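A.B. asks: Below is the sequence, then the predicted model.
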Amino acid sequence: MPALWIAHVTVHDAEAYGRYAALAGPAIEKHGGRFIARAARYVQLEGTDRPRNVVATFPTLEAAVACYESPEYQEALSHARGAADRELLVVETTE
C-alpha cells in the first residue's frame, strides 16, 4: 500500500538547508519517492505553523522508512540538523 512522507519545516539556516535539499531529493527518488507538494501554498488550520511543508509519495511505508534510514538520506539530514525545526511522519494511504 502506498505511503506519504509528510514534513513540516521552519528553516533557520537557508544555506545549510539548501545543502540538505540538494542531497535529500536524489535519496528520496532513489527509494521510489516522488514529491507531490514542496513548499507550495498552504493554510494552517490547527497546530504549529511551519512555513515549509513537503509531501512525497512512496510505493510502501517500508520504502519510505528505508529511505529515511539510508546512508544517502542520513548524509542529507546531517545538513538539516541545527538548520531547521522539523516534524516528519510517514502515513500509509487508504488507496
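C.D. replies: Here it is on my side, so go on. Numbers count the residues shown, from 1 in each chain.

A.B. asks: Can you check which helix is longest in the protein?
C.D. replies: helix 14-30 (DSSP state H).

A.B. asks: residues touching A16, list them.
C.D. replies: H79, A80, G82, A83 (CB atoms under 8 Å, 6 or more residues apart in numbering). Heads up, the C-betas are built off the backbone N, CA and C, glycines and all.

A.B. asks: try 7 Å this time
C.D. replies: By CB atoms under 7 Å, 6 or more residues apart in numbering, the residues touching A16 are H79, A83.

A.B. asks: Next one, pLDDT for it please.
C.D. replies: Note on A16: pLDDT of 96.

A.B. asks: before we move on, what about E75?
C.D. replies: So, for E75, pLDDT stands at 97.

A.B. asks: The residue lying closest to it once chain neighbours are set aside and E95: what is the separation?
C.D. replies: Closest residue to E75 apart from its sequence neighbours, by CB to CB, 6 or more residues apart in numbering: L23 at 6.0 Å. Going from L23 to E95 by CB to CB, to the nearest Å gives 30 Å.
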